[in-house]
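Q: Quick one, structure for this:
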Amino acid sequence: MMRRMTAVKTCRLVTLGCKVNQYETQYVKEALEAAGYREVAANEPADLCVVNTCTVTMEGDAKGRQLIRRLHHENPGAALVVMGCYATREPDTIARLPGVTHVITDKQRLGEELREFGVLEMPAGITRFDGHQRAFVKVQDGCLLNCTFCIIPKVRPVLRSRPPEEITAEVAGLAANGVQEIVLTGIHLGHYGLDLCKGKPKHAWRRLWHLLDLLNDIPGDFRIRLSSLEAAEARDELAAAMRRSPRVVPHLHLCLQSGSDVILERMKRRYRSAGFLERCRRLRDALDQPAFTTDIIVGFPGETDADFEETCRVVREAGFSKLHVFSYSPREGTPAATLPDRVPPRVIAERRAALLELERALSRRYFHSLVGRTLDVLVEGEDPKRPGIALGTSCRYAPVYFSGFHSDLLSRRVTVRVSRVEGTALFGENASRDAAPIALPVV
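A: Predicted coordinates for the structure are as follows:
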């Protein structure tokens, strides 16, 4: 039975969680727009609310429930559709929340689930990325690993890679609409293409490095960034493809989690610290002064002072320019949640602070090595404390400031010659051949 709507159908979409979730929300938004929906402004009631949930932590679950209740209160009578990882993991819990009318547990069925709202056909991809200066493009879904701290393989267990021609068409459309940076993302990006290779001869395989070669042939002026990778999957073939392409930025986010081999074994990670560092060395030799960033979990059950010192040692040797430091919290439903020898919160806080101080020192060291270089910078705004000063993110994932901001620079890439390090950022001058504003296509 079709739900009755007002003459002008309106929707509100809210996302919790990762880049993949953000991509999937944009995908649903464009499907709804094609069906005649308009996204509401702040404080405007909607006919349809869509919540894309995250379940990485129990705190994420709680945020999802709180958000659903708030949307129901602010949009009485609206249809409330909940999707995402929490919806997949606990659909019955979600369905009992006030106002929830639909729970989508399988994104393969998005078209069928949204048909009631007038969606006749799902789009082939997205054409823009609202609210962001860059566009995330999901190239694969699913994770086959069994890390003891992670719940995601239970809610996204099926490995699915998008066909290369579908991805290239989507990226070409985004570039034609003026997007200056494309971030390739997935639940397990390094496994892109594994499922596409089954039953095919090796010459017909399509892995991540093959995809980079294909994207390099697309017309337009845009750069490509890879999201999170396992170090073992940043293979020589991938480094060679990055080196071949003038579009792919010299930045890799390589997930470490811990530098202690004892803790890595308890986490059921597939590498040890020596292999991780060797991969970093090979990548540094293959690429032009690359930036390495990473994730660290502090306070995993059983982590001793010696284990933490090993993590600090590996972080120093890898020379990361940025750390994403997470305090371990047990995730119900994962093997790690039942492990003994919990680390006291006070110790976790101390170790986290020590790592963040180490990060500041490593960032400064790497940033000083960039002084005198010219960097490709995506302009993201104006420094709120210093009018006329533009801020952006460089190809090497370093924040960059330079003088001469004007609104036409927003979302545009410029070349900046770095002159100095200011705190935890770089400062330079716009060295683009043509610093005058350009007109981008209206999306």
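Q: how close does residue 44 get to residue 73?
A: 15 Å (CB to CB, to the nearest Å). Where C-beta positions appear, they are placed from N, C-alpha and C, glycine not excepted.
Q: One more: residue 24?
A: Taking CB to CB, one finds residue 24 at 25 Å from residue 73.
Q: Looking only at neighbour counts, state which of these two leads.
A: The neighbour comparison of residue 24 against residue 73 (other CB atoms under 10 Å) goes to residue 24, with 22 against 10.
Q: Quick check: which element contains that one?
A: helix 19-34 (DSSP states H and E).
Q: buried stuff in that helix?
A: For helix 19-34, the buried set under the neighbour-count rule, 16 or more other CB atoms under 10 Å, comprises 19-33.
Q: ok, now stretch 351-364?
A: Here stretch 351-364 shows 351-352, 354-355, 358-359, 362-363 as buried, counting by 16+ other CB under 10 Å.
Q: Using TSV, lay out the residues you listed together with distance to residue 285.
A: Below are these laid out as TSV (distance: CB to CB, whole Å):
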residue	distance to residue 285
351	31
352	32
354	30
355	26
358	24
359	24
362	19
363	22
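Q: roughly how far out does the longest helix anywhere in the chain sit from the chain middle?
A: Ranked by residue count and defined by DSSP state H, the top helix of the chain is helix 345-369. For helix 345-369, the separation from the chain centroid amounts to 22 Å (computed by CA atoms, centre = their mean, to the nearest Å).
Q: Which strands and helices lie in contact with it?
A: Contacts defined by 3 or more CB pairs under 8 Å, 6 or more residues apart in numbering; DSSP states H and E place helix 345-369 against strand 291-298, helix 305-318, strand 322-327, strand 413-422.
Q: Okay, and residue 342 sits in which element?
A: Using DSSP H and E, residue 342 falls outside every helix and strand.
Q: Touching, it and residue 303? I think so.
A: No: judged on CB atoms under 8 Å, residue 342 makes no contact with residue 303 at a distance of 9.7 Å.
Q: Name the residue in those two with the higher neighbour count.
A: residue 303 (25 against 15).
Q: A strand includes that one, no?
A: No: under the criterion used here (DSSP: H, G, I helix; E, B strand; the rest coil), residue 303 is coil, not part of a strand.
Q: can you pull the pLDDT of it?
A: On pLDDT, residue 303 comes in at 98.
Q: do the same with residue 3
A: The model's pLDDT for residue 3 equals 46.
Q: rewinding a little: I'd like to know which elements the helix holding residue 24 is packed against.
A: strand 9-15, strand 48-53, strand 79-84, helix 110-113, strand 135-141, strand 181-186.
Q: Would you mind splitting this structure into its domains for me?
A: 9-117, 131-249, 271-369, 374-430 (automatic domain parsing).
Q: Just send those back as TSV, with distance to residue 265 too.
A: Shown next, in TSV, are those (distance: least, CB to CB, whole Å):
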stretch	distance to residue 265
domain 9-117	22
domain 131-249	10
domain 271-369	8
domain 374-430	30
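Q: of all the ones you listed, which lies closest to residue 260?
A: domain 271-369 (3.7 Å; CB to CB).
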